[in-house]
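Colleague: prediction below, plus the sequence it came from.
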2 protein chains.
Amino acid sequence: MVSTRPEVSLAQRKRQLVSDELTEAALQLLALKGFDGVTIDEIATTAGVSKRTFFRYFASKEDVVVQFLTDMGTGMSVELTARPGAEPPSVALKNAVSVPLADCAGHSDRALRVVQLILRTPALHARFLERQEQWHDDLAAQMAHRLGLAPDDLYPRLAAGMALSAFNTVLRRWSDSDSAEDPVELTDRAFAVIAPALDAV
Amino acid sequence: MVSTRPEVSLAQRKRQLVSDELTEAALQLLALKGFDGVTIDEIATTAGVSKRTFFRYFASKEDVVVQFLTDMGTGMSVELTARPGAEPPSVALKNAVSVPLADCAGHSDRALRVVQLILRTPALHARFLERQEQWHDDLAAQMAHRLGLAPDDLYPRLAAGMALSAFNTVLRRWSDSDSAEDPVELTDRAFAVIAPALDAV
DNA sequence: CCTCGCGTGGCACTTAGTGTCAATACGCCT
DNA sequence: AGGCGTATTGACACTAAGTGCCACGCGAGG
């Protein structure tokens, strides 16, 4: 019975399961023994698969951790498109940034440990910033579209850059305070600083 | 005659020589065959040393390239301290950013090729951004000191972030245009955008 | 002449990451 | 029920990054 709800095949769910198991094992071990103290073999074995299989799911050791935060990037992009076009840039961007940030802060303290791991491990931080470049491009493209600017205008990239700067500053503060500070309130304060530049069309 | 000007020992100059040779070989080969098309063995052999010696000068393949641009970071910091304290933040930061940028643009087209290599190679770009984090910290600390702000104020980090955002935007444009656009003029335009936020103390 | 210190090369080793192949399990079709 | 194509996996081998170790050579100074 039940066979094949057309949506998610059994194979797909198995794949997801392995992926989750791998992520779980990786976060556990990395948080425990530090980035350089764990080998991929160890992670794979803990998850019950071979090293080779690990690399069929993730491109690198950094990827397991960073991909865990990929939602934030897509979340920002989604939130920005959802914002009414008439809204001033500072408000639209502030929401684009603060919604995923609040999401992250809400999602248990596992998120906190992951963020701390990333910000304190140079190799991870580097990959994280690299990933943000895509967010940067996305946000810039959307801002250009939203404001109907020429593709060679400097404003969109700068606006996206400022928003991400605010994002990173808030994230850092949140991480350093062990989640004691409220990310939404921090985001408000950060955008109060950069808003004059964002809205001075 | 000549022996031992007490300043630079012969050994030190020999060290510098090897380092230069290595950098030279690396930039040459990497620009020619791409980041993944060259092995460290190849670079070392071209420079006339062993692989083992390479790692006594650079921590990684990325390092050879990125270290080539380290001057820009220190240049920004130096330039910022040199600026009069009464100067508005936007002007001080603009100069801190544009001076090293102009330096770089002036220094032959070798700089252009290096920048293009970095911006187009994910692994290099990641390391470059990581390096910039130090610049970020430096600039933020100086801005905090310059304005006499509390160490937990958000402004310094945001201001430094905006300045680096402008820097990156300009660098990207300069690189994509094959150095056709003038970095100083681009920097002016970029800072015209972000200045309202920088100066609204 | 001797030796002390430093830079170097060679070697072995661990680990990241990739290509290949054979075995297996699943889904589908007859 | 049986057979076939496809996707996933483990095992093995291999390249390359990066590190530890040791022995050699060379210049400086006693």
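Modeller: All right, it came through fine.
Colleague: how about the residues of chain A by DNA strand D?
Modeller: Selection of chain A residues close to DNA strand D by C-beta under 7 Å from any atom of the strand yields A:11, A:14, A:15, A:18, A:48, A:49, A:50, A:52, A:53, A:56, A:57. Quick note: C-beta positions are derived from backbone N, CA and C, even for glycine.
Colleague: go ahead and confirm the fifth one touches residue A:22.
Modeller: No - judged on C-beta atoms under 8 Å, residue A:48 makes no contact with residue A:22 at a distance of 9.3 Å.
Colleague: so between the two, which is more surrounded?
Modeller: For residue A:48 versus residue A:22, neighbours defined as other C-beta atoms under 10 Å in any protein chain shown are more numerous around residue A:22 (23 against 11).
Colleague: now find how far off-centre the host helix or strand of the more buried one is within its chain.
Modeller: Counting by DSSP states H and E, the element that carries residue A:22 is helix A:10-33. Relative to its parent chain, helix A:10-33 has a centroid offset of 18 Å by C-alpha atoms, centre = their mean, to the nearest Å.
Colleague: right, is that helix up against DNA strand C?
Modeller: Yes - contact of helix A:10-33 with DNA strand C (C-beta under 7 Å from any atom of the strand) involves A:10, A:11.
Colleague: leaving out sequence neighbours, find the closest residue to residue A:109.
Modeller: Excluding its sequence neighbours, the residue lying closest to residue A:109 (C-beta to C-beta, 6 or more residues apart in numbering or on different chains) is residue A:179, at 6.7 Å.
Colleague: need the contact list for the one you found.
Modeller: Neighbouring residues of residue A:179 by C-beta atoms under 8 Å, 6 or more residues apart in numbering or on different chains: A:105, A:109, A:112.
Colleague: helix or strand next in line after the helix or strand harbouring residue A:160, which one?
Modeller: Using DSSP H and E, the element containing residue A:160 is helix A:155-176. Later in the chain than helix A:155-176, the nearest helix or strand by DSSP H and E is helix A:183-199.
Colleague: C-alpha coordinates for that next one, PDB please?
Modeller: Output in PDB follows, covering the C-alpha atoms of helix A:183-199 (Å, rounded to 0.1, in the frame of the first residue of the first chain):
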ATOM      1  CA  PRO A 183      19.400  39.900  16.800                       C
ATOM      2  CA  VAL A 184      16.300  41.800  15.700                       C
ATOM      3  CA  GLU A 185      17.000  44.700  18.000                       C
ATOM      4  CA  LEU A 186      20.700  44.700  16.800                       C
ATOM      5  CA  THR A 187      19.500  44.700  13.200                       C
ATOM      6  CA  ASP A 188      17.300  47.700  13.900                       C
ATOM      7  CA  ARG A 189      20.200  49.600  15.300                       C
ATOM      8  CA  ALA A 190      22.500  48.600  12.500                       C
ATOM      9  CA  PHE A 191      20.000  49.700   9.900                       C
ATOM     10  CA  ALA A 192      19.400  53.000  11.700                       C
ATOM     11  CA  VAL A 193      23.100  53.700  10.900                       C
ATOM     12  CA  ILE A 194      23.100  52.700   7.300                       C
ATOM     13  CA  ALA A 195      19.600  53.800   6.300                       C
ATOM     14  CA  PRO A 196      20.600  57.400   5.400                       C
ATOM     15  CA  ALA A 197      22.800  56.000   2.600                       C
ATOM     16  CA  LEU A 198      20.300  53.400   1.500                       C
ATOM     17  CA  ASP A 199      17.400  55.800   1.100                       C
END
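Colleague: state the distance from residue A:173 to residue B:157.
Modeller: Here residue A:173 is placed at a distance of 9 Å from residue B:157 (C-beta to C-beta, to the nearest Å).
Colleague: of these two, which one has the most company?
Modeller: residue B:157 (25 against 18).
Colleague: can you get me a residue count around residue A:161?
Modeller: With other C-beta under 10 Å as criterion, residue A:161 counts 23.
Colleague: please tell me how far the closest residue to residue A:178 other than its chain neighbours sits from chain B.
Modeller: Excluding the flanking residues, the one nearest residue A:178 by C-beta to C-beta, 6+ apart is residue A:112, at 7.0 Å. Distance of residue A:112 to chain B, given as C-beta to the nearest C-beta, to the nearest Å: 19 Å.
Colleague: got it, and residue A:159?
Modeller: 8 Å.
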